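Novice: starting from these lines, generate the structure:
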Amino acid sequence: MKNILPFFFIFLSSFLMSQKQNSENLIKGKWNFKVFDDTIAFPILPEINIKTSNKIFLHSIEFADKTFSAKNKLDKFKGKWVVLGNHLILYFSNKVSILYEIMRLNNDRLELKEEGMLVPNLGYQRRN
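Specialist: Numbers count the residues shown, from 1 in each chain. As a prediction, this is how the structure comes out:
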């Protein structure tokens, strides 16, 4: 059993590193906000007051090597990004950071869940 344990840790660490690299490679590119899936929602639960502290809504995001640029109707933003497990953290240049949970990430679709939400509430489609 002692001989198997080191191999298990090597396998596990290499698996986790490949998952992180896969997520980082998939997320690179240009994304536009687009809700076209019924999994994206703002749940209305009268007995629970759900609030999110995220004040920045992004209409488009472009992810490059560890940096991003984004914009909404009024402003443009720049900063750095990192994927930790199934979380995406955006570090804006104005020292604000936002934590998202990655709910879906593939070649065409990026679905994010803001902190405090019960279901994914931000859907982005890859832009060519």
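Novice: host element of Lys80?
Specialist: Assigned by DSSP states H and E, Lys80 belongs to strand 76-84.
Novice: would you mark the buried spots in the helix or strand that that strand is followed by?
Specialist: Using DSSP H and E, the next helix or strand after strand 76-84 towards the C-terminus is strand 87-92. By 16 or more other Cβ atoms under 10 Å, the buried positions in strand 87-92 come out as 88, 90-92. All C-beta spots, glycine's among them, are computed from the backbone N, C-alpha and C.
Novice: ok, so of those residues, who is nearest Asn22?
Specialist: Nearest to Asn22, judged by Cβ to Cβ, of the buried residues of strand 87-92 is Leu88 at 13.8 Å.
Novice: now do the residue lying closest to the closest one once chain neighbours are set aside against Asn128, distance only.
Specialist: Sequence neighbours aside, Tyr100 is the residue nearest to Leu88 in space, at 4.6 Å (criterion: Cβ to Cβ, 6 or more residues apart in numbering). According to Cβ to Cβ, to the nearest Å, Tyr100 and Asn128 sit 23 Å apart.
Novice: the more surrounded of the two?
Specialist: Set Tyr100 next to Asn128 and count neighbours by other Cβ atoms under 10 Å: Tyr100 wins out with 22 against 4.
Novice: what's the distance between the more buried one and Lys71?
Specialist: 17 Å.
Novice: how about Gln125?
Specialist: In terms of Cβ to Cβ, Gln125 sits 16 Å off from Lys71.
Novice: now the helices: where do they sit in the chain?
Specialist: Assigned by DSSP state H, the chain shows helices spanning 4-27.
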